[in-house]
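Participant: sequence and predicted model, in that order:
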There are 2 protein chains.
Amino acid sequence: MPEFARRMEHVTGSAIRELFKLLADPGIISLGGGNPARESFPVEELKEIIFELMTESGVNLLQYGSTEGYMPLREAYLERIAKPKGIEGDIQNVLTLTGSMQGLDLLCKVFLNPGDAVLVESPTFLGALQAFTVYQAELVPVNMDDEGIIIDHMEEMIIKHHPKLFYCIPTFQNPTGKTLRAKRREQLVRLAEKHDLIIIEDDPYCDLRYKGDPVPPIKKFDEEERVVMLNSFSKIISPGIRVGCALGKKEIIRKMSVAKQCSDTHTPNLTQAAVAEFLSRGLLPGHLKRILPYYAERLAAMLDSMDECFPESCRYTRPEGGLFVWGELEDGINVTELFKIAATELKVAFIPGEQFFTCPEMGKNTFRFNFSSENRKNIESAIRKLGALFRQYA
Amino acid sequence: MPEFARRMEHVTGSAIRELFKLLADPGIISLGGGNPARESFPVEELKEIIFELMTESGVNLLQYGSTEGYMPLREAYLERIAKPKGIEGDIQNVLTLTGSMQGLDLLCKVFLNPGDAVLVESPTFLGALQAFTVYQAELVPVNMDDEGIIIDHMEEMIIKHHPKLFYCIPTFQNPTGKTLRAKRREQLVRLAEKHDLIIIEDDPYCDLRYKGDPVPPIKKFDEEERVVMLNSFSKIISPGIRVGCALGKKEIIRKMSVAKQCSDTHTPNLTQAAVAEFLSRGLLPGHLKRILPYYAERLAAMLDSMDECFPESCRYTRPEGGLFVWGELEDGINVTELFKIAATELKVAFIPGEQFFTCPEMGKNTFRFNFSSENRKNIESAIRKLGALFRQYA
């Protein structure tokens, strides 16, 4: 058989897959994934919407659609998602995505030559690291503090590596739960202007806010159209329908559409139409109002239990939203080893934080906990067990 | 703004898009697209299936699914699509695709380095040419006669260009409607074995047969697992739901899954489940029985009218299935010029054949007609008008 392409050499996903094999045990409590709560899905509303859509426009929805996306979805996205965040745009600024992960793939496709540098928050979303690796990017980590990436370090890295793209999850970041301060968002855009950079603002969690005030998107400060915003409906409606939207400069969106045409032709019409109806019927605010207290309760339960059971030396984030808490044990503690004990002996799973770093020697003492997919009781039980384990090594 | 990637330089899709702007006129009769007939969609069956699915497994369908695909679809595909064609396989041989176009993108991603040679039938599907161009492949055309690609020419091109992949649509090919003879299918596989080649067998039209006997897939002759078969539900159920399947060697499917994880995470669960139910309820054979006579009638109407109205010097295919008739006027006639007259003055559209060739000087006197999306009366009227136009230049 011919050899696989060079771009696939470093993308096995095997490390985390091996870890996840341990999670197949149904008796396990998992703080590992990033799944929304099963109870959070608007099943009845979507069932009714889809039935009506199939009744009224079945034939059109089953025919080929346009690569740029189903028009009512792009309109509803502008009106119901972008506008309330202070972002205006034309229909030509919007592209429908088969999940916002596709936006990342398309942006890599249209911008990256092998060896091009990409700045990322350190740590960051594993899927993004994989996507950039497939496009043979040079990954350049930018340090973060409690208020998100450190602007000075970012400029230093820009001057040293001349990146084309900066990828970030500014709100309730995956994996840290941190939110980039508004002031830094503006500074970020000015840096991008000064050094001719594109910013990918991946914002799937921004509407999952349990307290505090919303922060404007980075896009809001974007005078030269250097920011491409990716929004996902995975965390606020359903991940299984795979619908997201990109909003950016027309020239970039057009190029992404050309790339999308050769990727999946278009996103399924029915799933796009279902999201469009959900938005245009004004169901999202009520739906969020229903699900946010669930998540808020679970986050509070997790943090309370950690405060009570975790060793003093363990530091962790206290996010105001999103799906994740990020923690750090003392230097020298290998969390992956603790994970193995936890998963096999305690029947509790989470993700060792080293998975989220660009280089294998970083973050060995860190971990990510998800609080959305288990109920309060399970979260408390899992944290108690992990606390006892961590105390042995702290 | 930073420059776009080199891979996007030759992929504008603009030529055909410019042509298609002429088709926006609602009064036009279009033999241009490749859309299934509106009347062909099983709207009621799918509506009922989706309603039941949402009622019984709404929560599971709205949650994240697996990258490899929804298990009941992969099973139903093996049982109801592959097996009746004489192809056996395990579940690990199957990957669900967001439309079979995605299969092409993923195969390029996992196999092609820039500059790698890819053999294609000449002419071939425009979308495939674009996909290979995005991956900076060297496109090598292989000549065809009435029975499909010419094996000797193929071997000559293999020896000269050392390709990794051969891409073909063996049955009712797009754009020619030609079907590769069974004997040549076997020879093709032996050539691939001799020269260490992967064959991509793209087979979206094989079930749209109006007369003659089915020909076994190339995959049937594949002893060394060098053939990756792509099947689409676009032409036999619905293109708007974007569901297809790839069947191939486990090692290749696994690598494609890794690439898919970074492309769109997974195909929407609901559309996969709808196709799975459609297949496992045994609805496909009856559905095909209902729609094939439509298409057969339209093809016959097109060929009869062409026989009657087209100039003697025009040669065209008489396919036994699929969606397209391919024709050739005398050397020296520029069909793109005739297309412009047809679209603007006669209000009839089709695709100038040069769009389907790898190099811009080929096929200037050729054309592709689609017979699935207009009714019999419109087809006859369009062909009469085109016949009169073509006669002026023949």
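Facilitator: Great, that's in hand. Numbering: from 1, shown residues only, chains lettered A, B, ... in the order given.
Participant: tell me who's in contact with residue A:112.
Facilitator: A:118, A:132, A:135, A:136, A:137, A:164, A:165, B:5 (C-beta atoms under 8 Å, 6 or more residues apart in numbering or on different chains). Backbone N, C-alpha and C define where each C-beta goes, glycine included.
Participant: ah, wrong one, I meant residue A:144
Facilitator: Neighbouring residues of residue A:144 by C-beta under 8 Å, 6+ apart: A:121, A:122, A:150, A:176, A:178.
Participant: so what does the helix ranked longest in chain A touch, helix or strand wise?
Facilitator: For chain A, the helix with the greatest residue count under DSSP state H is helix A:283-309. Contact here means 3 or more C-beta pairs under 8 Å, 6 or more residues apart in numbering or on different chains; DSSP states H and E; on that basis helix A:283-309 packs against strand A:324-328, helix A:376-393.
Participant: could you report the neighbour count for residue A:60?
Facilitator: With neighbours defined by other C-beta atoms under 10 Å in any protein chain shown, the count for residue A:60 comes to 15.
Participant: tell me the pLDDT of it.
Facilitator: Looking at residue A:60, its pLDDT stands at 96.
Participant: state the distance from it to residue B:96.
Facilitator: 24 Å (C-beta to C-beta, to the nearest Å).
Participant: likewise for residue A:362?
Facilitator: Going from residue A:362 to residue B:96 by C-beta to C-beta gives 35 Å.
Participant: between these two, who's got more neighbours?
Facilitator: Legend: neighbour count by other C-beta under 10 Å for residue A:362 and residue B:96, higher for residue B:96 (30 against 15).
Participant: related to what we said a few turns ago, possible to save the helices and strands packed on helix A:283-309 as TSV with mean neighbour count, distance to chain B and mean pLDDT?
Facilitator: Listed next are these as TSV, based on neighbours: other C-beta atoms under 10 Å in any protein chain shown; distance: least, C-beta to the nearest C-beta, whole Å; pLDDT from 0 to 100:
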stretch	mean neighbour count	distance to chain B	mean pLDDT
strand A:324-328	22	16	98
helix A:376-393	18	17	97
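Participant: mind listing what residue A:268 touches?
Facilitator: Listed by C-beta under 8 Å, 6+ apart, the contact set of residue A:268 reads A:65, A:98, A:242, B:98, B:240, B:241, B:242, B:268, B:271.
Participant: equivalent analysis for residue A:95, please.
Facilitator: Applying C-beta under 8 Å, 6+ apart to residue A:95 gives the contacts A:68, A:69, A:74, A:103, A:106, A:245, A:246, A:253, A:256, A:257, A:260.
Participant: now with 10 Å?
Facilitator: Residue A:95 sits next to A:67-69, A:74, A:102-103, A:106, A:228, A:230, A:244-248, A:252-254, A:256-257, A:259-260, A:267 when contact means C-beta atoms under 10 Å, 6 or more residues apart in numbering or on different chains.
Participant: what pairs with it across the strands?
Facilitator: Beta-bridge pairing of residue A:95 under DSSP bridges involves residue A:246.
Participant: chain B versus that one, what's the distance?
Facilitator: Remark: distance between residue A:95 and chain B (C-beta to the nearest C-beta, to the nearest Å) = 14 Å.
Participant: need the per-residue pLDDT for that residue.
Facilitator: So residue A:95 comes in at 98 (pLDDT).
Participant: mind picking the two most distant members of the contacts of residue A:144?
Facilitator: Spatial extent of the contacts of residue A:144 (C-beta to C-beta) is set by the pair A:150 and A:176 at 13.4 Å.
Participant: who's more crowded, the two?
Facilitator: Counting neighbours by other C-beta under 10 Å for residue A:150 and for residue A:176 shows that residue A:176 has the greater number, 28 against 15.
Participant: now that one, what's its secondary structure?
Facilitator: Here residue A:176 takes the coil state, with states given by DSSP: H, G, I helix; E, B strand; the rest coil.
Participant: leaving out the residues flanking it, which one is nearest to it?
Facilitator: Take residue A:176 and drop its neighbours on the chain: the residue closest to it by C-beta to C-beta, 6 or more residues apart in numbering or on different chains is residue A:326, 4.1 Å away.
Participant: what of residue A:199?
Facilitator: Going by C-beta to C-beta, 6+ apart, residue A:199 has residue A:227 as its nearest residue, at 4.6 Å.
Participant: ok, back up a step: from the contacts of residue A:144, pick the one nearest residue B:334.
Facilitator: Relative to residue B:334, the closest of the contacts of residue A:144 is residue A:121; by C-beta to C-beta it sits at 54.9 Å.
Participant: who are the contact partners of residue A:147?
Facilitator: A:178, A:179, A:180, A:181, A:182, A:183, A:184.
Participant: rerun that using 8 Å as the cut-off
Facilitator: Counted by C-beta under 8 Å, 6+ apart, residue A:147 has contacts A:178, A:179, A:180, A:181, A:184.
Participant: what pLDDT does residue A:166 get?
Facilitator: The per-residue confidence score, pLDDT, reads 98 for residue A:166.
Participant: specify the beta-bridge partners of it.
Facilitator: Judged by DSSP bridges, the bridge partners of residue A:166 are residue A:119, residue A:199.
Participant: gap between it and residue A:118?
Facilitator: According to C-beta to C-beta, residue A:166 and residue A:118 sit 7 Å apart.
Participant: now do residue A:86
Facilitator: Using C-beta to C-beta, one obtains 27 Å as the distance from residue A:86 to residue A:118.
Participant: looking at these two, which is more packed in?
Facilitator: residue A:118 (27 against 11).
Participant: quick one: contacts for the more buried one?
Facilitator: By C-beta under 8 Å, 6+ apart, the contact list for residue A:118 reads A:112, A:132, A:137, A:138, A:139, A:140, A:163, A:164, A:165, A:166, A:167.
Participant: give me the neighbour count for the third one.
Facilitator: If you count neighbours by other C-beta under 10 Å, residue A:137 ends up with 25.
Participant: same deal with the last one?
Facilitator: With neighbours defined by other C-beta under 10 Å, the count for residue A:167 comes to 27.
Participant: what's the residue lying closest to it once chain neighbours are set aside in contact with, if anything?
Facilitator: In this structure, residue A:167 finds its nearest non-sequential neighbour in residue A:200, 4.6 Å apart by C-beta to C-beta, 6+ apart. By C-beta under 8 Å, 6+ apart, the contact list for residue A:200 reads A:103, A:104, A:107, A:165, A:166, A:167, A:168, A:227, A:228, A:230.
Participant: same thing with residue A:369?
Facilitator: Residue A:369 makes contact with A:31, A:302, A:324, A:325, A:326, A:327, A:350 under the criterion C-beta under 8 Å, 6+ apart.
Participant: how about residue A:350?
Facilitator: A:30, A:31, A:32, A:339, A:342, A:367, A:368, A:369, A:370, A:386.
Participant: for the stretch 101-250 of chain A, what are the low-confidence residue spans?
Facilitator: Along the stretch 101-250 of chain A, no part satisfies pLDDT under 70.
Participant: near chain B, which residues of it?
Facilitator: Taking C-beta under 8 Å from any C-beta of the partner chain as the contact definition, the stretch 101-250 of chain A meets chain B at A:101-102, A:104-105, A:109-113, A:116, A:127, A:130-131, A:134, A:164-165, A:196-198, A:226, A:234, A:238-242, A:249.
Participant: report the buried members of those.
Facilitator: Among these, those classed as buried by 16 or more other C-beta atoms under 10 Å in any protein chain shown are A:101-102, A:104-105, A:109-112, A:116, A:127, A:130-131, A:134, A:164-165, A:197-198, A:226, A:234, A:238-242, A:249.
Participant: do a quick rundown of the strands in the stretch 201-350 of chain A.
Facilitator: Using DSSP state E, counting those that start in this stretch, the strands found in the stretch 201-350 of chain A span residues A:227-232, A:244-247, A:315-316, A:324-328, A:348-349.
Participant: where along chain A do the helices fall?
Facilitator: Along chain A, the stretches classed as helices by DSSP H are A:14-21, A:43-62, A:71-76, A:100-111, A:126-134, A:151-161, A:182-195, A:250-261, A:269-280, A:283-309, A:335-341, A:376-393.
Participant: the second one close to chain B?
Facilitator: Yes - applying C-beta under 8 Å from any C-beta, one finds helix A:43-62 in contact with chain B at A:43, A:46, A:47, A:50, A:51, A:54, A:55, A:58, A:59, A:60, A:61, A:62.
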